[in-house]
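Engineer: Attaching a predicted model along with its sequence, questions to come.
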Amino acid sequence: MPLLCETGGIEAYVPSIDNPWNTKKAAHLYRRMGFGASFSTLESALDLEPGELVDALMDEAISLPLTPEPEWAYWNYDDYTNFDEEFPAQQGILYKQFMLDMLSNGFREKMTLFWSNHFVTQLETYNCPSYMWQYYTLLQQNGLGNFKTFVSEIGLTPAMLRYLNGFENTAAEPNENYARELYELFTLGENNGYTQEDIVETARALSGYVGIEVFCGDINFLADQHDNEEKTIFGQTGNWGYQDVIDILFEQREDEVAEHICKKLYAFFVSHEIDQTIINELKITFIANDFELDPVLRQLFKSEHFFDEDIIGVQVKSPMDLAISFVNETEFSVNDDVLEGLAYLSSILGQVLFSPIDVAGWQGDHDWINASTLTGRWLTIEYYVFGIFDAFPEQLQALAITIAGESSDPTYVTQQIIDFFIPNGLQTVEAYIEATEVFKWEVPQNYFDQNLWSLSWDTVPAQMGVLLAHLSKIPEFQLH
């Protein structure tokens, strides 16, 4: 892969004859800012200039209402009739809701997924559906807002207080877990601008959020459990409390915070090969706007750098990206069984919603791929495609016609389908020829030679099924 320092800069991408705004770039934007888009959506996208489309997607995400809360959103253990039975059912409801939100809400939920892998908690640690829902709602609510506010609020969610032991942090027995991760993972980066003594003193300042009377209940601040002695954090001494920590952190370490978060956003949305020149520009914007995320993201997604050819199709899809984007791009039917199946397959591929592998989260990109997960990725697509073939074969035929029109040329049809699903197409003529032969399936060659075959034939659903299964096994299909 070419060095990313050779790609475009942070200035806004302006289409030209040499660098046109086209379906490929629109698809790139939808895949990175969301979870793909249908063929018709991409065609409509070209009616807008790139910057206008970015603004439209951002504005839509910001204006979306929060997902309506279920009746159990604030339940504690005493509200249950049978917790052991109702907990798994509620967990399943939220898993499916998150997937439905990803299918429908694009960028807002892409940000929610990103933040769930930044401010990590694990459901199996706190085991409360209400905590999980409140955490999810906070991610939605703050994911495009002010980062300082986000940091302040996330640390007081019951899910985080339980996961990183804040609910055990008292003046008499301080617990350093959250203080350490607040700096190392959430704001500054490992060994960057803090000392062990800063962690110790910060833990003391964060003490007191230990008031819980019933399992899954509210966790309240108890003044008599808070350390009221002076603490020194980043060289500042005082009787600091929770919000003081946040204020001092952002006042004393604004550059480090901006660097860490801009790198995380860049790695997730652009490339794991960090371009420091771009990061430096994003940092300026982040700090100048008092840590508002909106202007940073608009600047990044509108940039010439983001739309550079060397950025397109270089990231490995996460399991959720693989599943959700395929559903969006095909517009195939979805029901509860499909969602449960895709959630299960995603879990065996290493991505369980609300349960990243550890506090550092999924590392992503090439870490998603190994011999077993690659096979699982193929099976994920096959499971879905042949389920559609059995239940709704006409949808496979409709997809072919939508992408390739009324063409009766199998070579053209195959190429159009490949170039829709694979960002940079296939790398060799031979690969296109092989895919075309797969698409021809069991249709005798003379029907193609004599121009008798068309996409209206009843063989087309099966032809599309085998082609999509074939494409899922091509390495480039795993990229976006």
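Structural biologist: It's in.
Engineer: correct me, but Thr380 touches Asp321?
Structural biologist: No: checked against Cβ atoms under 8 Å, the pair Thr380 and Asp321 is beyond contact range at 11.4 Å. C-beta here means a position set from N, CA and C on the backbone, and glycine is covered the same way.
Engineer: show me where the stretch 301-450 of the chain has helices.
Structural biologist: 319-330, 336-348, 371-391, 393-404, 410-421, 429-440, 445-449 (DSSP state H, counting those that start in this stretch).
Engineer: tilt between the helix or strand of the chain with the lowest mean pLDDT and helix 371-391?
Structural biologist: Ranked by mean pLDDT, DSSP states H and E, the weakest helix or strand in the chain is helix 336-348, scoring a mean of 91. Between helix 336-348 and helix 371-391, the angle comes out at 170 degrees (axes from the mean of the first three to the mean of the last three Cα atoms, to 10 degrees).
Engineer: Show me what counts as buried in helix 336-348.
Structural biologist: Val338, Leu339, Gly341, Leu342, Ala343, Leu345, Ser346 (16 or more other Cβ atoms under 10 Å).
Engineer: and the lengthiest helix in the chain with helix 319-330, angle?
Structural biologist: Scanning the chain for the longest helix, with DSSP state H as the assignment, gives helix 83-105. Angle between the axes of helix 83-105 and helix 319-330 is 50 degrees (criterion: the same axes, to 10 degrees).
Engineer: circling back: for the buried residues of helix 336-348, give me CSV that also has distance to Phe150.
Structural biologist: Formatted as CSV, the buried residues of helix 336-348 follow (distance: Cβ to Cβ, whole Å):
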residue, distance to Phe150
Val338, 33
Leu339, 28
Gly341, 33
Leu342, 29
Ala343, 26
Leu345, 31
Ser346, 26
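Engineer: Looking at these, which one is closest to Arg32?
Structural biologist: When the buried residues of helix 336-348 are ranked by distance to Arg32 (Cβ to Cβ), Ser346 comes first, at 19.0 Å.
Engineer: quick one: contacts for that closest one?
Structural biologist: Ser346 is in contact with Pro319, Met320, Leu322, Ala323, Val352, Leu353, Thr380, counting by Cβ atoms under 8 Å, 6 or more residues apart in numbering.
Engineer: any idea which of these has the most stuff around it?
Structural biologist: Ala323 (29 neighbours; other Cβ atoms under 10 Å).
Engineer: Next up, the contacts around that residue.
Structural biologist: With Cβ under 8 Å, 6+ apart, Ala323 has these contacts: Leu342, Leu345, Ser346, Thr380, Tyr384.
Engineer: If we use 6 Å, what do you get?
Structural biologist: Leu342, Ser346 (Cβ atoms under 6 Å, 6 or more residues apart in numbering).
Engineer: Span of stretch 114-122 from start to end?
Structural biologist: Using Cα to Cα, to the nearest Å, the end-to-end distance of stretch 114-122 comes to 15 Å.
Engineer: picking up where we left off before, can you put the contacts of Ser346 in TSV and add pLDDT and distance to Pro423?
Structural biologist: Listed next are those as TSV, based on pLDDT from 0 to 100; distance: Cβ to Cβ, whole Å:
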residue	pLDDT	distance to Pro423
Pro319	96	18
Met320	96	18
Leu322	96	13
Ala323	96	17
Val352	95	27
Leu353	95	25
Thr380	93	19
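Engineer: Which one, of the helices of the stretch 301-450 of the chain, ends up nearest to Ile17?
Structural biologist: The nearest among those, by Cβ to Cβ, is helix 410-421 at 20.8 Å.
Engineer: From the rest of the structure, what touches the closest one?
Structural biologist: By Cβ under 6 Å, 6+ apart, the residues outside helix 410-421 that reach it are Ile403, Ala404, Ser407, Gly425, Ala435, Thr436, Phe439, Lys440, Phe448, Leu471.
Engineer: Mind doing that once more with 7 Å?
Structural biologist: 39, 329, 400, 403-404, 407, 425-426, 432, 435-436, 439-440, 448, 455, 467, 471, 477 (Cβ atoms under 7 Å, 6 or more residues apart in numbering).
Engineer: roughly how far is it from the heart of the chain?
Structural biologist: When C-alpha coordinates are averaged (Cα atoms, centre = their mean, to the nearest Å), helix 410-421 and its chain have centres 28 Å apart.
Engineer: Just the CA atoms from the least confident helix or strand of the chain would do, formatted as PDB, please.
Structural biologist: Written as PDB, here are the backbone C-alpha positions of helix 336-348 (Å, rounded to 0.1, in the frame of the first residue of the first chain):
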ATOM      1  CA  ASP A 336     -35.700 -11.400  13.900                       C
ATOM      2  CA  ASP A 337     -34.300 -14.700  12.800                       C
ATOM      3  CA  VAL A 338     -31.800 -13.000  10.400                       C
ATOM      4  CA  LEU A 339     -30.800 -10.500  13.100                       C
ATOM      5  CA  GLU A 340     -30.200 -13.300  15.600                       C
ATOM      6  CA  GLY A 341     -28.300 -15.300  13.000                       C
ATOM      7  CA  LEU A 342     -26.100 -12.300  12.100                       C
ATOM      8  CA  ALA A 343     -25.500 -11.400  15.700                       C
ATOM      9  CA  TYR A 344     -24.500 -15.000  16.400                       C
ATOM     10  CA  LEU A 345     -22.100 -15.200  13.500                       C
ATOM     11  CA  SER A 346     -20.600 -11.800  14.400                       C
ATOM     12  CA  SER A 347     -20.000 -13.100  17.900                       C
ATOM     13  CA  ILE A 348     -18.100 -16.200  16.700                       C
END
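Engineer: List the buried residues for whichever strand or helix holds Ile279?
Structural biologist: Using DSSP states H and E, Ile279 falls within helix 276-288. Neighbour-count burial for helix 276-288, counted by 16+ other Cβ under 10 Å, picks out Ile278, Ile279, Glu281, Leu282, Lys283, Thr285, Phe286, Ile287.
Engineer: May I ask you to confirm that the third one is in contact with Ile10?
Structural biologist: Translated: Glu281. Yes: using Cβ atoms under 7 Å, Glu281 is in contact with Ile10, at 4.1 Å.
Engineer: related to what we said a few turns ago, can I get the buried part of the contacts of helix 410-421 as one ChimeraX selection?
Structural biologist: Applying 16+ other Cβ under 10 Å to the contacts of helix 410-421, the buried members can be selected in ChimeraX as follows:
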select :39,329,400,403,404,426,432,435,436,439,440,448,455,467,471,477
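Engineer: Low-confidence bits of this structure, can you list those?
Structural biologist: In the predicted model of the chain, residues 1-6 satisfy pLDDT under 70.
Engineer: tell me the residue furthest from the middle of it?
Structural biologist: Gln450 (47.6 Å; Cα atoms, centre = their mean).
Engineer: Against Val443, how distant is that residue?
Structural biologist: 12 Å (Cβ to Cβ, to the nearest Å).
Engineer: ok, now Tyr126?
Structural biologist: For Tyr126 relative to Val443 (Cβ to Cβ), the value is 56 Å.
Engineer: Comparing these two, which residue is more hemmed in?
Structural biologist: Neighbours were tallied for Tyr126 and for Val443 using other Cβ under 10 Å; the higher tally belongs to Tyr126 (23 against 17).
Engineer: Contact partners for that one?
Structural biologist: Tyr126 neighbours (Cβ under 7 Å, 6+ apart): Ala159, Arg162, Tyr163.
Engineer: Great, nothing more from me.
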